[in-house]
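Peer 1: Got a predicted structure here, sequence first:
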Amino acid sequence: MLWNIIWQILPLPGSKEDEMIRLMYRILALFCWALNLSALAGYFLLRRGLNSAEATSNKLRFHIIRPYKTDTDDHSATQQGTEQDELKLMDSLFATARGYDNARVVIVANHGDSGLTKIRRLAEPYQDIVQVVEAPPMPPNTISGQMFNHKVGWNIINQDATGDDILLTTDCDSDLTPKLLRQIAKAYEDQLVGGVGTFPLYHPSVSWAALPTAMVVNPGYGFLALDAVIRKKIIMGGNLLSMRVAVFRQFGGYDSYSRLEQMVDDMATTKKILASGKQLAQVGMMPVWNRYSTWPGWWSRWTRWAVSLRIAVPDLFLLSPWPTYGGQLINIVVMIYGLFSKRRSFVVPFFANWGVNALYASLTGIWREALVSPITALLNMGGWLYALLIRPTSLRWRGTVISLKEGKDDE
């Protein structure tokens, strides 16, 4: 079947103008098939990574930092669904640390956060391994509140951590499971490994505005798995970053991150670990519960990510859409041409792409996200084009205005 499809999109005779148009669409169709087949291969490689081996002992010690900020909507009101999810994941984190039996957890809540009392109540049965602290007020020039909280947590851990221990940070919308912690511990049994990441895969969303994030991220991890095999290149995702304490101290800790690096801390950490002479590994899967959002909230988050990527890693920004939403848009364009020209072979790549998205949906059950992925691809591409063409001079993120022109923050 594949050979017949490729044969049909080989150049055919006709007028020179029509031939050039058909040739262009044939090239696009071949590109669509290349993306679809690569995504399919990446899916199976990703499945292999999800089933990575687990450690059989707990001799490796983990120091886990989780920043916390009560999520609010566009009117500064607490988003109840989000808060309930995050507190549930916090409780799961405590149970995971207890089950592993050689891990400590430091929760750093934002200064004055309304959720601090609830977190401390959750942590009461785990007082021997969990410490909950309130961060001091952030300095006015702080560009990343999350990294500021990381620093607060590290200052608590620093005196007690040995070079062989593992520093691990995780977002409050992510579920660190016992299996994943054991998989990470197993990867660190190789002394050449200095950092270990995982594949954050989104769980089904509740709000419609949360759909675009899941369908841009989930299929993309198959391409990362494929890239890791072909080029031996691994990019650790920001939902979970882990590294040997000795490596962390070697590159200068959190004080070594520039303002741009704070905006893309996952890629910056990846580069810093590799620069230390150590290798990276990527194992298992972390469920991400980013299930609630408003449309303005989604747009703010998505464009902030896109603008940060464009400024800090411009080459990666230009390539980023094509394995996911950009590639899907090309599938749509080719399909529309196929419908108007009544050539079925140009329609098939679109449905093949839809099928591949359904495969990725099977990993975490995001069927609705997969179903509307052509629509969310349009939305995500809009955010990417905004970052490419508009080039804003500042970003607003959770009440903080980050100036991109002068390098200063204003409240």
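Peer 2: Yes, it's here. Numbering: from 1, shown residues only.

Peer 1: Neighbours of Ile390, how many?
Peer 2: When neighbours are defined as other Cβ atoms under 10 Å, Ile390 has 10 of them. To be clear about C-beta, it is placed using only N, CA and C from the backbone, and glycine gets the same treatment.

Peer 1: Let me know the pLDDT of it.
Peer 2: According to the prediction, Ile390 has pLDDT 88.

Peer 1: do the same with Asp315
Peer 2: pLDDT, read off for Asp315, is 88.

Peer 1: List the contacts of the residue most central in space within the chain.
Peer 2: Geometric centre of the chain, nearest residue: Gly237, 4.9 Å, by Cα atoms, centre = their mean. Neighbour list for Gly237: 197-200, 221, 266 [criterion: Cβ atoms under 8 Å, 6 or more residues apart in numbering].

Peer 1: Could you list which of these belong to strands?
Peer 2: Among those, the members found in strands (DSSP state E) are 197-200.

Peer 1: Any quick ChimeraX command for the buried ones out of those residues?
Peer 2: The buried residues among the ones in strands among the contacts of Gly237 can be selected in ChimeraX (16 or more other Cβ atoms under 10 Å) with this line:
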select :197,198,199,200
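
Peer 1: Among the ones in strands among the contacts of Gly237, which one lies nearest to Val283?
Peer 2: Val283 has its nearest neighbour among those in Thr198, at 6.1 Å by Cβ to Cβ.

Peer 1: Spell out which helix or strand contains Trp299, please.
Peer 2: Using DSSP states H and E, Trp299 falls within helix 295-312.

Peer 1: got the buried residues for that helix?
Peer 2: Buried residues in helix 295-312 (16+ other Cβ under 10 Å): 297-312.

Peer 1: now swap in stretch 236-253 and tell me
Peer 2: Quick answer for stretch 236-253 (16+ other Cβ under 10 Å): 236-248, 250-251, 253.

Peer 1: can you give me the strands for the stretch 101-250 of the chain?
Peer 2: Remark: strands assigned in the stretch 101-250 of the chain by DSSP state E, counting those that start in this stretch are 103-109, 130-134, 166-170, 193-202, 240-244.

Peer 1: Output the ones you listed in JSON lines, with distance to Arg291 appended to each entry.
Peer 2: Compiled in JSON lines, those are given as follows (distance: least, Cβ to Cβ, whole Å):
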{"stretch": "strand 103-109", "distance to Arg291": "21"}
{"stretch": "strand 130-134", "distance to Arg291": "24"}
{"stretch": "strand 166-170", "distance to Arg291": "17"}
{"stretch": "strand 193-202", "distance to Arg291": "8"}
{"stretch": "strand 240-244", "distance to Arg291": "18"}
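
Peer 1: how about those, which one is nearest Glu261?
Peer 2: Closest among these, using Cβ to Cβ: strand 240-244, at 12.5 Å.

Peer 1: Against which helices or strands is the closest one packed?
Peer 2: Applying 3 or more Cβ pairs under 8 Å, 6 or more residues apart in numbering; DSSP states H and E, we find strand 240-244 packed against strand 166-170, strand 193-202, helix 265-275.

Peer 1: nearest to Phe317, of those?
Peer 2: helix 265-275 (10.8 Å).

Peer 1: So for the closest one, what gets flagged as buried?
Peer 2: For helix 265-275, by 16+ other Cβ under 10 Å, it's 265, 267-270, 272-273.

Peer 1: likewise stretch 133-148?
Peer 2: 133-135, 138, 142-148.

Peer 1: Point out the least confident one among those.
Peer 2: Thr142 (72).

Peer 1: got a list of what the nearest residue to that one once chain neighbours are set aside touches?
Peer 2: Once flanking residues are discounted, Thr142 sits nearest to Phe148: 5.2 Å by Cβ to Cβ, 6 or more residues apart in numbering. By Cβ under 8 Å, 6+ apart, the residues touching Phe148 are 135, 138-139, 142.
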